[in-house]
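*Asks:* Build the 3D model from these lines:
(one chain, ligands or ions: 1)
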Amino acid sequence: MSQLTQFDVLALRREFPILQQEVNGHRLAFLDSAASSQKPRHVIDCLEDYYRRYNANVHRGVYKLSEEATFAFERARGKVARFIGAASPREVVFTRNTTEALNLVAQSWGGANLKPGDRILLTLMEHHSNIVPWQMLAQRSGAVLDYIGLDGAGRLALEQLDQKLDERTKLVAVAHQSNVLGTINPVAQIAARAHAVGAVVVVDGAQSVPHMPVDVKNLGCDFLAFSGHKMCGPTGIGVLWGRRSLLEAMPPFLGGGSMIKVVELEQSSYADIPARFEAGTPAIGEAIALGEAIDFLDSIGMEAIFQHELELTSYALERLGAVEGLQLYGPDSATERGGSLSFTLEHVHPHDVASILDGVGVAVRAGHHCTQPLHRHLNVPATTRASFYIYNLPEEIDRLAAGLDKARKLFM
Ligand code: PMP
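*Replies:* Numbering: from 1, shown residues only. You can find the predicted model right below:
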């Protein structure tokens with residue numbers, strides 16, 4: 001494979017303290033970034049700096065520390081807004097993660113807008129966090145769920161869109177990129193067709209925002225959810241972006257401090273967006289450190305990150321394609337997918353594959369990856385998944401392939 005020229009990956013790896021260690025006597029090859037990415041020194045230092053130097057609650061104190069924390073917290077919101085092309089930082093709601101962001105839409109928008117007989121359209125490749133909140137909403141509202149199926153290569157069967165979309169469809173929720181199949185879905189096309197019947201479009205960006213340039217204007221969606229911890233940021237901080245007109249019309253999600261204007265004994269009036277959706281003390285340091293993670297990603301460039309992962313994915317498809325008895329799920333062309341590769345190995349349980357790989361310092365994940373309906377569709381209880389990020393190297397894919405050969409031989 002050609003040497004990666006987009007950016008200096010070896011230099012970049014030095015920014016990640018955790019990658020400098022050995023696991024089971026081997027240098028760590030971390031191939032589980034789809035679950036959670038590693039954190040660069042900048043982000044770790046930023047979090048520590050907040051707790052050491054200016055930790056204070058936001059939006060309340062008039063003293064210096066609180067003002068500094070508030071300024072940094074709101075500046076982070078601005079960075080998120082710029083990063084995804086939002087019209088205004090007011091459209092950025094801080095949540096705990098993608099899951100909470102999707103639940104916020106289901107409870108708040110869904111609770112106010114859905115009635116019996118309305119339809120919610122999902123896809124068979126969704127993560128549980130983009131299924132279960134809609135099931136709960138359907139149970140509460142009397143709305144009906146439907147799913148777009150997949151073709152044999154793990155792409156959405158888009159011809160089903162026109163069959164399933166009609167004026168009863170009030171909401172379409174789709175992953176931008178599958179965490180299992182790697183498939184990148186044509187969200188702009190889906191959004192345009194959904195809008196034509198008046199449906200609202202929710203995009204699960206957990207696996208796309210960390211890995212490619214994402215601009216909500218180009219996606220044409222109404223809501224976008226993603227998690228800080230998958231994009232070099234800390235856990236405990238996520239984002240819901242929503243179109244301003246929709247957010248402004250939505251009732252609160254959680255009630256409590258910070259989300260109100262006036263509280264009386266029997267009732268309250270609510271704050272403007274985004275505060276209306278941020279009850280209680282937020283994850284202040286984590287939001288600020290997410291802003292730092294965005295600066296870090298921007299300093300590399302999202303297009304360069306996408307290209308790097310495209311090269312890694314092409315190489316992995318070639319190397320894994322040569323492993324005997326390996327069945328890969330999802331598109332076999334790197335241009336249709338991101339760097340999340342799930343597979344089974346003949347005669348070896350996916351968890352055994354992962355354990356053997358761990359023995360040679362290669363960290364991958366095995367299981368259903370929170371996509372039980374997808375695995376049922378694939379007719380396998382579990383898969384092993386390798387996923388790539390900015391710090392991965394072709395030689396780590398060589399070690400993955402060698403580990404898989406070893407596993408196959410052990411179980412032959
Ligand atoms: N959607 C997708 C596609 C994911 O990969 C994940 C994380 N595995 C989630 C949603 C949920 O993210 P979180 O656990 O951070 O809420």
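*Asks:* what about the helices in the stretch 101-250 of the chain?
*Replies:* Using DSSP state H, counting those that start in this stretch, the helices of the stretch 101-250 of the chain run over residues 111-113, 132-141, 159-164, 187-196, 216-219, 244-249.
*Asks:* Output those as a markdown table; include the columns mean neighbour count and distance to Ser269.
*Replies:* All C-beta atoms are positioned from the backbone trio N, CA, C, and that covers glycine. Putting these into a markdown table (neighbours: other Cβ atoms under 10 Å; distance: least, Cβ to Cβ, whole Å) gives the following:
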| stretch | mean neighbour count | distance to Ser269 |
| --- | --- | --- |
| helix 111-113 | 14 | 17 |
| helix 132-141 | 18 | 25 |
| helix 159-164 | 14 | 40 |
| helix 187-196 | 18 | 32 |
| helix 216-219 | 16 | 29 |
| helix 244-249 | 15 | 14 |
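*Asks:* The ligand: which of those helices is closest?
*Replies:* The closest of the helices of the stretch 101-250 of the chain to the ligand is helix 132-141. By Cβ to the nearest ligand atom, the value is 10.8 Å.
*Asks:* Which residues of the stretch 1-150 of the chain lie near the ligand?
*Replies:* Neighbours of the ligand within the stretch 1-150 of the chain, by Cβ under 6 Å from any ligand atom: 34-35, 97-99, 127, 129-130.
*Asks:* So among those, which ones count as buried?
*Replies:* Buried subset of these (neighbour count, 16 or more other Cβ atoms under 10 Å): 34-35, 97-99, 127, 129-130.
*Asks:* just those residues now: which is nearest Leu165?
*Replies:* Nearest to Leu165 among these, counting by Cβ to Cβ, is Asn130 at 17.7 Å.
*Asks:* check contacts around that closest one.
*Replies:* Neighbouring residues of Asn130 by Cβ atoms under 8 Å, 6 or more residues apart in numbering: 102, 122, 173-175, 202, 204.
*Asks:* element containing Thr384, please.
*Replies:* strand 383-387 (DSSP states H and E).
*Asks:* Show the average pLDDT along that strand.
*Replies:* For strand 383-387, the mean per-residue pLDDT is 98.
*Asks:* List, one by one, the residues from the stretch 251-400 of the chain near the ligand.
*Replies:* Residues of the stretch 251-400 of the chain lying close to the ligand by Cβ under 6 Å from any ligand atom are Cys370.
*Asks:* All the strands of the stretch 251-400 of the chain, in order from the start?
*Replies:* 260-263, 268-270, 326-329, 340-345, 362-363, 365-367, 383-387 (DSSP state E, counting those that start in this stretch).
*Asks:* and among those strands, the most buried is which?
*Replies:* Greatest average neighbour count among the strands of the stretch 251-400 of the chain goes to strand 383-387 (a mean of 28), per mean count of other Cβ atoms under 10 Å.
*Asks:* by contact count, what packs against that one?
*Replies:* Strand 383-387 sits against strand 340-345, helix 350-359, strand 365-367, with contacts defined as 3 or more Cβ pairs under 8 Å, 6 or more residues apart in numbering; DSSP states H and E.
*Asks:* Ser299 is nearest to which of the strands of the stretch 251-400 of the chain?
*Replies:* For the strands of the stretch 251-400 of the chain, the distance to Ser299 is smallest for strand 383-387, at 22.4 Å, taking Cβ to Cβ.
*Asks:* Buried residues, stretch 204-220. List them.
*Replies:* So, applying 16+ other Cβ under 10 Å, buried residues of stretch 204-220: 204-212, 214, 216, 219-220.
*Asks:* I meant to write stretch 225-234 there.
*Replies:* Result for stretch 225-234 [16+ other Cβ under 10 Å]: buried residues 225-234.
*Asks:* Closest one of those to the ligand?
*Replies:* Nearest to the ligand among the buried residues of stretch 225-234, counting by Cβ to the nearest ligand atom, is Ser227 at 3.4 Å.
*Asks:* list the contacts for the closest one?
*Replies:* 97-98, 206, 237-239.
*Asks:* how near is the nearest residue to Val348 once chain neighbours are set aside to the ligand?
*Replies:* Using Cβ to Cβ, 6 or more residues apart in numbering and skipping the chain neighbours, the partner closest in space to Val348 is Phe411 (4.6 Å). Plainly put, Phe411 is 28 Å away from the ligand if you go by Cβ to the nearest ligand atom, to the nearest Å.
*Asks:* pLDDT wise, what is Phe411 at?
*Replies:* The model reports Phe411 with a pLDDT of 90.
*Asks:* got it, and Asp166?
*Replies:* 96.
*Asks:* if we can go back for a sec, okay, angle between the strand holding Thr384 and helix 350-359 too, please.
*Replies:* Strand 383-387 and helix 350-359 meet at an angle of 40 degrees, taking axes from the mean of the first three to the mean of the last three Cα atoms, to 10 degrees as the criterion.
*Asks:* between the contacts of Asn130, which is nearest Pro373?
*Replies:* Out of those, the member with the shortest distance to Pro373 (by Cβ to Cβ) is Leu122, at 9.1 Å.
*Asks:* of all the contacts of Ser227, which two lie farthest apart?
*Replies:* Ala206 and Ile237 (13.1 Å).
*Asks:* For the residue most central in space within the chain, give me its contacts.
*Replies:* Nearest to the geometric centre of the chain sits Ala206, at 1.0 Å (Cα atoms, centre = their mean). By Cβ under 8 Å, 6+ apart, the residues touching Ala206 are 98, 127, 129, 175, 179, 225-227, 230.
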